[in-house]
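> With the sequence up front, the predicted model follows.
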Amino acid sequence: MPLIETTALGMRYDGKVTALADLTLDIEAGVVGLVGVNGAGKTTLIKLALGLLTPTSGRIRVLGLDPIADGEQVRAKVGYMPEHDCLPPDMIAAEFVTHMARVSGLPAAAARERASETLRHVGLYEERYRRIGGYSTGMKQRVKLAQALVHDPELLLLDEPTNGLDPAGRRAMLDLVHRIGTEFGISVVVCSHLLGEIERICTSLVAIDAGTLLRSATLSSMTEHNDLLVVEIDEGAERLAAALTAGGLDVRRENRVLTVRFGEEDGAVYDLIRDAVADLDLCLHRLERQRHQVADLFRDRPAEEVSHV
Ligand SMILES: Nc1ncnc2c1ncn2[C@@H]1O[C@H](COP(=O)(O)OP(=O)(O)OP(=O)(O)O)[C@@H](O)[C@H]1O
């Protein structure tokens, strides 16, 4: 069952601002990056998934549930870490996270236990009896994460969890998110406007732009080899290109770099290139299969109507 499934989902604020338009996608289990520039519609999608907003058109299902009609079940199964600061400064962290566990339906003793455990997971165990108002930004982000995790959800929705953090804090937060996804087996949808930052922790990425789907795919499919060989030589690229073309290969040249198309089982192409380089007495710098770059695939891509992650 997809984590989140939308069909022709649309959201207009005040009948004027279109935040999402005709969005159809399936987000499957894993650590999923929801990427898009500021204003792309990420937060709106998360709020629709939580039942905090009602779609103006289309439909959305979360873990197979309708977030509006089945709101209570959705809240029991989903944890949410909002983007902006929303913590009570005068409460101590342990009390706050315990309170959030109670709100999610845990009995008092279990809520206290779970709160301590969760604060330990996010690295705040030693500091758990301090007032939240005295915490650093990184610690506040961890409290927000702890309250989202405390009721042991199936799905965690994190809205820009690295907001306001310095580079070391961002890395630490992303490592924590990755651990939650891999060690705890909780699926995570993590929103970010920084593709480069979250791609390393995600199993798949969904990119939205101006409320529409730009692309969605698994990371492995994005970074897999394609069917091009890259050949880089010191000088003589033009002669090498001519020799390889004469040998029947499909060759493109850009300055010192040639790209040669080849089939999956086409080991002979390597031999042809090696022999041509030797015959022409050239100096070979690089011979390797080309890999897709994730960022390239999100650049200038036509929208896909339906995509399965
Ligand atoms: N309550 C609201 N009323 C009117 N317009 C809104 C409201 N909330 C969001 N919008 C608009 O909807 C569009 C999508 O906003 P949204 O917050 O979902 O984007 P986002 O990708 O999460 O960006 P950010 O990371 O900056 O929050 C934007 O044009 C935004 O200005």
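Arrived safely, thanks for sending.

> Beta-bridge partners for the residue minimising distance to the centre of the chain, please?
Closest residue to the average C-alpha location of the chain: Gly33 at 1.3 Å, with Cα atoms, centre = their mean. Applying DSSP bridges to Gly33 gives these bridge partners: Val190, Leu205.

> just checking, it touches Leu205?
Yes. With contacts counted by Cβ atoms under 8 Å, Gly33 reaches Leu205, the gap being 4.5 Å. Just so you know, the C-beta spots here come from the backbone N, C-alpha and C atoms, and that holds for glycine as well.

> Only C-alpha atoms, please: export stretch 116-133 in CSV.
Extracted C-alpha coordinates of stretch 116-133, given in CSV (Å, rounded to 0.1, in the frame of the first residue of the first chain):
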residue,chain,number,x,y,z
SER,A,116,12.3,9.5,27.8
GLU,A,117,13.1,6.8,25.2
THR,A,118,12.4,9.1,22.3
LEU,A,119,14.4,11.9,23.7
ARG,A,120,17.3,9.5,24.1
HIS,A,121,16.9,8.5,20.4
VAL,A,122,17.2,12.1,19.3
GLY,A,123,20.2,12.8,21.5
LEU,A,124,18.5,14.9,24.2
TYR,A,125,18.3,12.4,27.1
GLU,A,126,20.8,14.4,29.3
GLU,A,127,19.1,17.7,28.6
ARG,A,128,15.5,16.4,28.9
TYR,A,129,14.7,18.3,32.1
ARG,A,130,15.7,21.8,30.7
ARG,A,131,13.2,24.5,29.6
ILE,A,132,12.8,24.3,25.8
GLY,A,133,13.2,28.2,25.7
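
> who touches that stretch?
Here stretch 116-133 makes contact (Cβ atoms under 8 Å, 6 or more residues apart in numbering) with 87-94, 96-97, 115, 135, 139-140, 142-143, 145-146, 149-150, 172, 176, 180.

> give me the beta-bridge partners of the closest residue to Leu249 other than its chain neighbours?
Nearest non-adjacent residue to Leu249, counting by Cβ to Cβ, 6 or more residues apart in numbering: Val260, 5.4 Å away. Per DSSP bridges, residues listed as beta-bridge partners of Val260: Leu229, Val251.

> residues in contact with Val260?
Contact analysis of Val260 by Cβ under 8 Å, 6+ apart lists Leu228, Leu229, Val231, Leu244, Leu249, Asp250, Val251, Val269, Ile273.

> where does His178 land on pLDDT?
pLDDT, His178: 93.

> Check which helix or strand it maps to.
Per DSSP states H and E, His178 falls inside helix 167-182.

> Please spell out which residues along that helix are buried.
Within helix 167-182, the residues that count as buried by 16 or more other Cβ atoms under 10 Å are Gly169, Arg170, Ala172, Met173, Leu174, Leu176, Val177, His178, Ile180, Gly181.

> From what I see, the first one and Asp175 are in contact.
No. Gly169 is not in contact with Asp175 according to Cβ under 8 Å; the separation is 10.7 Å.

> Close to the ligand: what parts of the protein are there?
Residues of the chain found near the ligand (Cβ under 6 Å from any ligand atom) are 13-14, 17, 19, 36, 38-44, 160, 193.

> now do 5 Å
With Cβ under 5 Å from any ligand atom as the criterion, the chain meets the ligand at residues Tyr13, Val17, Ala19, Asn38, Gly39, Ala40, Gly41, Lys42, Thr43, Thr44.

> Scan those residues and report the most crowded one.
Among these, the one with the most neighbours (other Cβ atoms under 10 Å) is Lys42, at 26 neighbours.

> That residue contacts Cys191, doesn't it?
Yes. Counting by Cβ under 8 Å, a contact exists between Lys42 and Cys191, whose distance comes to 4.2 Å.

> Find the residues that touch each one of the two.
Common neighbours of Lys42 and Cys191, using Cβ under 8 Å, 6+ apart, are Leu34, Val35, Asp159.

> Name the helix or strand of this structure that has the lowest mean pLDDT.
Lowest mean confidence among the helices and strands of the chain (mean pLDDT, DSSP states H and E): helix 294-298, at a mean of 60.

> was I right about Arg112 contacting His99?
No. At 10.3 Å, Arg112 and His99 do not qualify as touching, with contact defined as Cβ under 8 Å.

> Could you report the pLDDT at Pro167?
pLDDT at Pro167 comes out at 89.

> Would you mind measuring from it to Met173?
Note on Pro167: its distance to Met173, by Cβ to Cβ, to the nearest Å, is 11 Å.

> Going by neighbour count, list what's buried in stretch 61-75.
Using 16+ other Cβ under 10 Å as the test for burial, stretch 61-75 gives Arg61, Val62, Leu63, Leu65, Pro67, Asp70, Val74, Arg75.

> List the contacts of the fourth one.
With Cβ under 8 Å, 6+ apart as the criterion, the residues that contact Leu65 are Gln73, Val74, Lys77.
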